[in-house]
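Asker: Need a 3D model of the sequence below.
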Amino acid sequence: MYANGTFKNPFTDFDFSKFAGEFKFPMVNVESIVESNRKTFAAFTTASTSTVEALKTIAQRQGDMIRAAFEDFSKHGSEVLAAATVEEKTAKQIDFAKKSYDVALANAREIGELYTKGQTEAFGVINERIAELTDEVKAAIAKK
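Answerer: Purely as a prediction, here's the structure:
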C-alpha cells in the first residue's frame, strides 16, 4: 500500500467491467413477466366475479325460501283455525311440522350445493391459472 511513503489505492488497476463480465446474470424478459401478471390478475378477477355471482344467487334463493316459508306458515295458520276438532288441528300441525322439516332439509341441501358450485367454479379458474403459470416458469427456465 505504501510504496516509498505514498499511498497507492489497491483498486486503481482493478477492472470492474472485466470482473462483472465474468458473472452470468440471467436476462429478465420484462414483457413476459408483465403478461404473466396480467393473466394472473385476470384469473383472480374472474374468480372474484364468479364468487360474487354465486353469493348473489344464494342470497336470492334464500330470500325465495324465506318468502315461501312465510306463505306456508300463513296458509297453515288458516287451515288450523278452520279445523273443527282439536284432533284435526293437532294432525294439521304435525303434518305441517313434518313438511317444514323436509323443506328445510331440501333447502339446506340446495344452498350447500350452490356454495359448492360457486367455490368449484372460482377455484377452478385459480387452479387453471396456477397450472399455466407453472408451465410458463418451466418454459422460461428451459430457455436459459
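Asker: which helices and strands sit right next to the helix or strand where residue 39 lies?
Answerer: Under DSSP states H and E, the secondary-structure element containing residue 39 is helix 30-82. Using 3 or more CB pairs under 8 Å, 6 or more residues apart in numbering; DSSP states H and E as the contact definition, the elements that helix 30-82 packs against are helix 86-143. (C-beta placed from N, C-alpha, C; glycine too.)
Asker: tell me, what residue is most central in this structure?
Answerer: Within the chain, one residue has its C-alpha closest to the average C-alpha position: by CA atoms, centre = their mean, that is residue 122, at 4.8 Å.
Asker: I'd say that residue and residue 44 touch.
Answerer: No. Shown here, residue 122 and residue 44 do not form a contact pair, counting by CB atoms under 8 Å, at 9.6 Å.
Asker: quick one on the thing from earlier: wait, what's in contact with the residue nearest to the centre of the chain?
Answerer: Residue 122 makes contact with 47-48, 50-51, 54 under the criterion CB atoms under 8 Å, 6 or more residues apart in numbering.
Asker: how near is it to residue 36?
Answerer: Taking CB to CB, to the nearest Å as the measure, residue 122 falls 20 Å from residue 36.
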